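Participant: structure, please.
(2 chains)
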Amino acid sequence: MSTPELQQDLHAIRISKVSKRYGDFPVLKEINAEVTRGEVVVICGPSGSGKSTLIRTINRLEEINSGSISFDGRDIHAPMKTRELNRMRSRIGFVFQSFNLFPHLSVVDNVAMSPIRVKGVAPDVAHKKALLLLDRVGLADKANAYPGQLSGGQQQRVAIARALAMEPPVMLFDEPTSALDPEMVGEVLAVMKSLAAEGMTMLCVTHEMGFARDVADRIWFLDAGQILEIATPEEFFKHPRHPRAQRFLADLRH
Amino acid sequence: MISDILVIIHDYWLLLLIGQYPNGPLGGLANTLILSALSIALAFPISIVLALARLSKWPILRWPVTVLVYVTRGVPLLMLILWSYFLVPLLTGADVPSFITMLTTLVVYQGAFLSEVVRAGIVALGNGQMDAGRALGHSYLGTMRYIILPQALYNMIPSILSTFVSTIKDTTLGYVINVPDLTFAASQVNNQLLTQPFQVFLILALVYYAICWSLTYVAHRLERRITRRRAGLGVRLAAVIAPAKIVSEQS
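Facilitator: Below you'll find the model as predicted:
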């Protein structure tokens, strides 16, 4: 534990002094945090607090102004060849609030395309793998459907399968259930829970406090671009330390 | 009058079809079709490159192309044709055949127009698709090729096809620089007959109408087939239903 190499090995993601501004407006202020391997972290906080921005900086969909985010032992925000960046990104699964499935491709092609095009997996192998993943998210029978024919919950499960197809060691979720009708939230959370149970390292921005309570190992509470509190769900929900977190939780209960 | 038209077609069909060929250059309808097909075939890929350049984050790509597109779109096609026709030989000293002058001008002009259509198609998709592609590890161009362009071009099929149709119509302007196309052949016929301009140019109009309408018709059918396929219904069903619907839409 004490040697630096081992410590680095334990951390899937390490965020150091990350700051970001839009013009003069600071969105993220000197964020420091890390995600350990196999850990499930839920990021919560009021809207506009920078949650989505923070999670999007981790695979560099958003640039930062200063700081570093190390993944695979490398700073993903360091200057690097785009090919290198693409390779790093392919090892970070990302699930969007608005699913962003590819509407021109069938469900199975949505899942199989990136392994084929990015990793050079043989098409028949990729398709077999895609069918297995679709089975896992409970949608094997929709393999030949198009995204437009699926419900929101089904689309989001396909999006999870699509991200998993790249075999990423880490999965990021950016409000994966916020765009769903209430009755579809459960099916998506169930898939996420099963992923967590299998030991996937996960970082989720979500307003689903039930999920946070049941599944998260730790909760990061974000407000106005700062992490005000990092705590286990038990601590966070029973005895939030920061007054802002206390107020946030009180507002949720009303 | 119909008999006049039939007589004209009977007497001059070969001239209208291929011009003076083989005693002179290929002309008539054949040349119109070749000019149109070449213009479209060259303008389409160029338009994609121009659109990508206009969306580029590098000013060195973006600015020259933006200027080109604005200038081209802001000037009547006839001006461009006359410029190319008079200026290019003056500047280069080369004797450029009018067909090549016309082809080049059409490619630049329609390429600029089409690039705006393609760009609009790309921009209309929003950022989500690009984000999704990049997040999966695709390169920018890979995302464009496999994710963005297939959708953008598909969504823009009606606009793209109507640009193709207008390209065919624009080939008639080659008449002013003596490109031996269908319009040129028809006016030759008219010069020989002298007394039947209405009949001659009615034939001309009908031929252009038949070509352009067919292309529009094919475009609609294609569009419906893909839409049906995405909606998960049978392709055959779409092919049966589509023609009836198109007729009703156009009327």
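Participant: starting at the chain centroid, how far to stretch A:158-173?
Facilitator: Taking CA atoms, centre = their mean, to the nearest Å, the mean C-alpha location of stretch A:158-173 is offset from the chain mean by 9 Å.
Participant: does chain B sit close to that stretch?
Facilitator: Yes. Part of stretch A:158-173 sits close enough to chain B to count as contact by CB under 8 Å from any CB of the partner chain, namely A:162-163, A:166. All C-beta atoms are positioned from the backbone trio N, CA, C, and that covers glycine.
Participant: pick the one among those closest to A:Phe237.
Facilitator: Nearest to A:Phe237 among these, counting by CB to CB, is A:Ala163 at 28.4 Å.
Participant: before we move on, back to that, strands - which of the residues of stretch A:158-173 next to chain B land there?
Facilitator: Where those are compared with strands, as defined by DSSP state E, there is no overlap at all.
Participant: what residue in chain A comes nearest to chain B?
Facilitator: The minimum distance from chain A to chain B, using CB to the nearest CB, falls at A:Ser90 (2.6 Å).
Participant: quick revisit: and of the residues of stretch A:158-173 next to chain B, the nearest to B:Thr172?
Facilitator: Within the set of those, A:Arg162 lies nearest B:Thr172; the separation is 49.6 Å, counting by CB to CB.
Participant: which residue packs closest to that closest one, ignoring adjacent ones?
Facilitator: What sits nearest to A:Arg162 in space, not counting adjacent residues and going by CB to CB, 6 or more residues apart in numbering or on different chains, is A:Val111, at 4.8 Å.
Participant: quick one: contacts for the residue nearest to A:Ala33 when sequence neighbours are not counted?
Facilitator: In space, not counting the residues next to it along the chain, A:Ala33 is nearest to A:Ile15; the distance is 4.9 Å by CB to CB, 6+ apart. Going by CB atoms under 8 Å, 6 or more residues apart in numbering or on different chains, A:Ile15 touches A:31-34, A:54, A:58, A:67-69.
Participant: pretty sure B:Ala43 sits against B:Leu114.
Facilitator: Yes. Under the criterion of CB atoms under 8 Å, B:Ala43 lies in contact with B:Leu114, with a separation of 5.8 Å.
Participant: circling back: the residue nearest to A:Arg162: what's it in contact with?
Facilitator: A:130, A:133-134, A:158, A:161-162, A:165.
Participant: buried ones in the helix or strand hosting it, by neighbour count?
Facilitator: For A:Val111, the enclosing helix or strand under DSSP states H and E is helix A:107-119. Counting neighbours by 16 or more other CB atoms under 10 Å in any protein chain shown, one finds that the buried residues in helix A:107-119 are A:107-118.
Participant: mind listing the strands for chain A?
Facilitator: A:11-22, A:25-36, A:40-44, A:66-71, A:74-75, A:92-95, A:170-174, A:201-205, A:218-223, A:226-231.
Participant: now render these as a markdown table, adding distance to B:Asn31 and mean pLDDT.
Facilitator: Formatted as a markdown table, these follow (distance: least, CB to CB, whole Å; pLDDT from 0 to 100):
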| stretch | distance to B:Asn31 | mean pLDDT |
| --- | --- | --- |
| strand A:11-22 | 57 | 94 |
| strand A:25-36 | 61 | 96 |
| strand A:40-44 | 66 | 96 |
| strand A:66-71 | 61 | 96 |
| strand A:74-75 | 60 | 94 |
| strand A:92-95 | 54 | 98 |
| strand A:170-174 | 57 | 98 |
| strand A:201-205 | 62 | 97 |
| strand A:218-223 | 68 | 96 |
| strand A:226-231 | 71 | 96 |
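Participant: deepest in the core, which of those is it.
Facilitator: Ranked by mean neighbour count under mean count of other CB atoms under 10 Å in any protein chain shown, the strands of chain A are led by strand A:92-95, which reaches a mean of 27.
Participant: just how off-centre is it within its chain?
Facilitator: Once both centres are worked out by CA atoms, centre = their mean, strand A:92-95 turns out to sit 6 Å from its chain's centre.
Participant: burial count for the residue in the stretch 1-150 of chain B that chain A sits nearest to?
Facilitator: Across the stretch 1-150 of chain B, the shortest distance to chain A (CB to the nearest CB) belongs to B:Gly137, at 2.6 Å. Around B:Gly137 sit 24 other residues, with neighbours defined as other CB atoms under 10 Å in any protein chain shown.
Participant: can you pull the contacts of the closest residue in space to it that isn't next to it in sequence?
Facilitator: For B:Gly137, the nearest residue in space outside its immediate sequence neighbours is A:Ser90; the separation is 2.6 Å by CB to CB, 6+ apart. Contacts here follow CB under 8 Å, 6+ apart; on that basis A:Ser90 touches A:114, A:118-119, A:166, A:168, B:136-137.
Participant: ok so, going back, which among the residues of stretch A:158-173 next to chain B count as buried?
Facilitator: Neighbour counting over the residues of stretch A:158-173 next to chain B (16+ other CB under 10 Å) leaves A:162-163, A:166 as the buried ones.
Participant: just checking, which of the residues you listed belong to helices?
Facilitator: A:162-163 (DSSP state H).
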